[in-house]
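1. return atomic coordinates for the entry below.
(2 chains)
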2 protein chains.
Amino acid sequence: MDAAEFRRRGKEMVDYVADYLENIEKRQVYPDVEPGYLRSLIPEEAPEEAESYEDVVKDIERVIMPGVTHWHSPYFYAYFPTANSFPSLLADMLCGAIGCIGFSWAASPACTELETVMLDWLGKMLKLPADFLAGTEGRGGGVIQGTASEATLIALLAARSKIIKLIQADHPDRSETDIISKLVAYSSDQAHSSVERAGLIAGVKMKKIPTDNKFSVRGDALQKVLEEDRAAGLIPFFFCATLGTTPSCAFDCITELGPICNAVEIWMHIDAAYAGSAFICPEFRPLLNGIEFADSFNFNPHKWLLVNFDCSAMWVKKRSDIIGAFKIEPLYLKHDHQESGNHSHWQIPLGRRFRSLKMWFVFRMYGLKGLQAYIRKHVGLAKEFESLVRADQRFEISADVVLGLVCFRLKGSNELNETLLKRINNARNIHLVPCQLAGKFVLRFAVCARTTESRHIQEAWCHISHLASELLQELKIKY
Amino acid sequence: MDAAEFRRRGKEMVDYVADYLENIEKRQVYPDVEPGYLRSLIPEEAPEEAESYEDVVKDIERVIMPGVTHWHSPYFYAYFPTANSFPSLLADMLCGAIGCIGFSWAASPACTELETVMLDWLGKMLKLPADFLAGTEGRGGGVIQGTASEATLIALLAARSKIIKLIQADHPDRSETDIISKLVAYSSDQAHSSVERAGLIAGVKMKKIPTDNKFSVRGDALQKVLEEDRAAGLIPFFFCATLGTTPSCAFDCITELGPICNAVEIWMHIDAAYAGSAFICPEFRPLLNGIEFADSFNFNPHKWLLVNFDCSAMWVKKRSDIIGAFKIEPLYLKHDHQESGNHSHWQIPLGRRFRSLKMWFVFRMYGLKGLQAYIRKHVGLAKEFESLVRADQRFEISADVVLGLVCFRLKGSNELNETLLKRINNARNIHLVPCQLAGKFVLRFAVCARTTESRHIQEAWCHISHLASELLQELKIKY
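-> A predicted model of the protein is given here:
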């Protein structure tokens, strides 16, 4: 395919993409296929000879689309949102064309520099303390990670490296593995599975702190475990707070937890993967109060801030803590401006795409006000759904609705709710996933798509309510 | 921006991308900017109000392009190639539009399934042993990682988890940290910096095995270190072989190393990040002989197989070894087809893009023959450059030219060669990076761009030779 054909095919693809997104609600949100469906639809081997583009394109509808879960359908209420916006798609086309690998400043200065500035822009939108901004002379700053999982792991590894150095400074004879064997990290019992996995990878103990009746970690709960662990000869070194947990969008109480961590030099990392985007609105910014105590902070603009995956924003107060944990610099990566920033020291992969272009396009095409309006609209839709649930005495709300997630269930057994969810998902009109809260099986309704409107919420509730009625009638359950 | 505007702007962007790539050689390959150049060109904060698309687009040439290192210019000979092809760009547009997050089969079945089949296609192109293919019943299979660094880390962590389980099966009282403190992993002293970093992250000792005069690790060198380490009470458990090292594209002798690793149950991972693409050509496939001894294998189609970054292909013989090391499954990720493949257990991030679309488009639009022709063309161009160097008695070739990389230098001091490289890069006509080989400062000439032709090679040599003449004249050096 030469440039001339690309011009033609590219424009066709732009129309295909626009058609797909404009008409997405006509597609069934969750596919009907069975595992292994795809293998039989395509050859067992790559073709020897080139095929025509027409043949490839035809297969999108024949092979791919029947197996797609349509995350951007307004009938998709599962997991958390993943962003998709036109400015971001445009920026990604440009990113692909430039196709630079930004592992050092010299490898493409614009890639490193725009990223630093965009993370400052975004940090200012969130009103992060100045410590977290790079500016021209700051010791902190931000970087784009692929996912929140990577950010948590990076923070944990940096904290591990820092505490080892600290202890070895006083006890030069203590081995790294001996120290690691005593280290203990903490997170909420509601924290994402990736936090536990980060502990596995780093080879350190990771303990879950019990949460209160709002599913938040409170200061006294952490304090208690810290005292027990210290008494047992362990070395607490890392606490991962969650703002907006995956099960119920609960918020750990960082104004209590932060001072405790700071007092005993425990690295506090804040994972606000989903909720972080909302902090650009003044009315939600108080949820981030306590950020001043954190060593590192992360959230995913690729979830709720209209920047397509992957774009996970991470800030640290001291860049040197992160860089010190990873820096290895062979000759083929050295250049004349060594000290000009090298984000690959901040992350697991060495290579990196020019992802900040997506932020730049989205922030400018929406403006702060447009982004705030978008967040508010989703929160409003969640509140609307919450009201519908609350108005139906068969149902209960299982956790405070703070942002765009509503956790709800039929009053009654877990089995009843499991059956209801199965029927909802089998009907394929909308798509939800469950969670477990205080031993209860709960349905999660997350406002996800950019194009979700009130009518979709009403329709979804009508459908859920109808399926519930059917189920309750069959089981002869009355409220 | 609504869909109608996206149609218009998307088509403009397609033209911009085509123009950029068609005319890339008119741009200076390496930018003139100084560190910090970008910050002063844009506002300090994101705009409150939305800007017009025209304003954003104007800034691409004003703000971004002056700071781009043009990796796809035929004057770019630095590092290793990163792929860029039109079919891949089209597939990426589709990937962005679908915008699914493939962390489980249910999250988008097509995403998981196409990936498994594409890795089988690619494995067959490479004539991997059947053990590495998933098929419908295989225990092995492939997965797309972001980068080779991640693949190495994943392999190392899986090996660490496997050896710990193995030892604890016999000695249930031995603690994990005690075992980890004795573990030792190995790689070539020529291995990529990311291998050493994987050791740092996993918290295990990582030793470098000395290479022979071809910069390859040989069996006896590994054997010697293994014996010493065993005698010292250490537990060897992982060897990362490199096929196509970053400094000189050297190949570890896996036909010797594999049987040693197999005999003593050391996990052998093969990192062929750059060279792997060449193994689709029968004449280069012998370089992969010995793969049958490996536990895991990785290379980057995003380097040399026309699939845009990121797309690093990794295969394992036993999926269960990888999955067992990471699997943590909360309720919100459970679904009815739990056993249908879940690539997020194979990787560090939880989220993942629909990257296999790029492979599917590229493999079909080029066909195996087209891909082979592409590899052969680049190798031919490297050989052409090698002949030019060899014909000039002032220069020497520093390592065998096997694929698309030529390592060369002026006969003489390191300082002389450092000066030559500096002049080459300062002139900005072409872009190269150096490496160190056996204490010598060496220039690396890697054929990178898809559009590099013989005339570019001739021009590049002419330029290098001219700068060398000037330098030697100034220094009054004669050969």
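2. now do the buried residues in the strand or helix carrying residue A:362.
-> If you go by DSSP states H and E, residue A:362 is part of helix A:356-390. Neighbour-count burial for helix A:356-390, counted by 16 or more other CB atoms under 10 Å in any protein chain shown, picks out A:356-368, A:370-372, A:374-375, A:377-379, A:381-383, A:385-386, A:388-389. In short, each C-beta sits where N, CA and C put it, glycine included.
3. check which element follows the helix or strand harbouring residue A:113 along the chain.
-> Following DSSP H and E, one finds residue A:113 within helix A:109-125. Next helix or strand after helix A:109-125 toward the C-terminus (DSSP H and E): strand A:141-145.
4. contacting residues around that next one?
-> A:115-116, A:119-120, A:122-123, A:132-134, A:151, A:154, A:298, A:311-316, A:319, A:343, A:346-347, A:352, A:355-356, A:359 (CB atoms under 8 Å, 6 or more residues apart in numbering or on different chains).
5. please list which of those also come close to chain B.
-> A:116, A:120, A:122 (CB under 8 Å from any CB of the partner chain).
6. out of the residues you listed, who has the most neighbours?
-> residue A:122 (27 neighbours; other CB atoms under 10 Å in any protein chain shown).
7. just give the nearest non-adjacent residue to it, would you?
-> Of all residues not flanking residue A:122 in the chain, residue A:313 sits nearest, at 5.8 Å (CB to CB, 6 or more residues apart in numbering or on different chains).
8. go on, residue A:10?
-> residue B:14 (3.4 Å).
9. still on that earlier bit, and the helix holding residue A:362, average pLDDT?
-> Helix A:356-390 shows an average pLDDT of 98 in the prediction.
10. which pLDDT value belongs to residue A:281?
-> So residue A:281 comes in at 98 (pLDDT).
11. can you show me the strands along chain A?
-> For chain A, the strands defined by DSSP state E occupy A:141-145, A:183-188, A:205-209, A:235-242, A:267-271, A:296-299, A:312-316, A:395-397, A:405-410, A:433-437, A:440-446.
12. what's the spacing between residue A:320 and residue A:120?
-> Counting by CB to CB, to the nearest Å, the separation of residue A:320 from residue A:120 is 18 Å.
13. need the contact list for the residue nearest the centre of chain A.
-> In chain A, the centroid-proximal residue (CA atoms, centre = their mean) is residue A:273; its distance is 3.9 Å. Contact criterion CB under 8 Å, 6+ apart gives A:80, A:148, A:192, A:244, A:246, A:298-300, A:303, A:312 as the residues in contact with residue A:273.
14. equivalent analysis for residue A:287, please.
-> A:243, A:251, A:275, A:278-279, A:402.
15. what does the stretch 151-300 of chain A have sitting close to chain B?
-> A:153, A:157, A:160, A:175-178, A:180-181, A:192-194, A:196-197, A:200-203, A:246-247.
16. PyMOL command to pick out the buried ones of these?
-> Selecting only the buried entries of those in PyMOL, with 16+ other CB under 10 Å as the criterion:
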select buried, chain A and resi 153+157+160+176+177+180+181+192+193+194+196+197+200+201+202+203+246+247
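17. which residues of the stretch 1-150 of chain A fall in helices?
-> Ranges of helices in the stretch 1-150 of chain A, per DSSP state H, counting those that start in this stretch, are A:3-22, A:53-59, A:86-98, A:109-125, A:148-170.
18. per-residue confidence at residue A:351?
-> On the pLDDT scale, residue A:351 gets 84.
19. an error on my part: the question was meant for residue A:453.
-> Taking residue A:453 on its own, its pLDDT is 98.
20. if I look at residue A:303, how far off is residue A:443?
-> Taken as CB to CB, the span from residue A:303 to residue A:443 is 20 Å.
21. comparing the two, which shows the higher neighbour count?
-> Between residue A:303 and residue A:443, counting by other CB under 10 Å, residue A:303 is the more crowded of the two (27 against 23).
22. and the gap between the more buried one and chain B?
-> 9 Å (CB to the nearest CB, to the nearest Å).
23. what about the stretch 201-350 of chain A, any weak spots by pLDDT?
-> Along the stretch 201-350 of chain A, segments meeting pLDDT under 70 span A:326-330, A:332-342, A:344.
24. contacts only, for residue A:102.
-> For residue A:102, the contact set (CB under 8 Å, 6+ apart) comprises A:108, A:111-112, A:115, A:343-344, A:351-354.
25. one more: residue A:223?
-> residue A:260.
26. residues in contact with the closest residue to residue A:49 other than its chain neighbours?
-> Spatially, and ignoring its direct neighbours in sequence, residue A:49 is nearest to residue B:367 (4.5 Å; CB to CB, 6+ apart). Contact analysis of residue B:367 by CB under 8 Å, 6+ apart lists A:46-51.
27. let's go with 6 Å and repeat that
-> Contacts were defined as CB atoms under 6 Å, 6 or more residues apart in numbering or on different chains; by that measure residue B:367 touches A:47-50.
28. would a markdown table of those residues with pLDDT, neighbour count and distance to residue B:261 be doable?
-> Shown next, in a markdown table, are the contacts of residue B:367 (pLDDT from 0 to 100; neighbours: other CB atoms under 10 Å in any protein chain shown; distance: CB to CB, whole Å):
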| residue | pLDDT | neighbour count | distance to residue B:261 |
| --- | --- | --- | --- |
| A:47 | 98 | 17 | 36 |
| A:48 | 98 | 10 | 35 |
| A:49 | 98 | 10 | 39 |
| A:50 | 98 | 17 | 39 |
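29. quick revisit: how many neighbours does the residue nearest to residue A:122 have?
-> Counted with other CB under 10 Å, residue A:313 comes out at 29.
30. same deal with residue A:260?
-> Residues near residue A:260, counting by other CB under 10 Å, number 17.
31. quick one on the thing from earlier: of all the contacts of residue B:367, which two lie farthest apart?
-> A:48 and A:50 (9.0 Å; CB to CB).
32. start and end of stretch A:441-450, how far apart?
-> Length of stretch A:441-450, first residue to last, CA to CA, to the nearest Å: 28 Å.
33. I misspoke; the intended subject was stretch A:98-115.
-> 15 Å.
34. rewinding a little: can you redo the helices of the stretch 1-150 of chain A as TSV with mean pLDDT?
-> What follows is the helices of the stretch 1-150 of chain A, written out as TSV (pLDDT from 0 to 100):
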stretch	mean pLDDT
helix A:3-22	98
helix A:53-59	97
helix A:86-98	98
helix A:109-125	97
helix A:148-170	94
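35. excluding its backbone neighbours, what's nearest residue A:233?
-> Nearest non-adjacent residue to residue A:233 (CB to CB, 6+ apart): residue A:182, at 6.6 Å.
36. isn't the one you found up against residue A:236?
-> No. Using CB atoms under 6 Å, residue A:182 makes no contact with residue A:236, being 9.7 Å away.
37. anything in contact with each of those two?
-> With CB under 6 Å, 6+ apart, residue A:182 and residue A:236 have no common neighbours.
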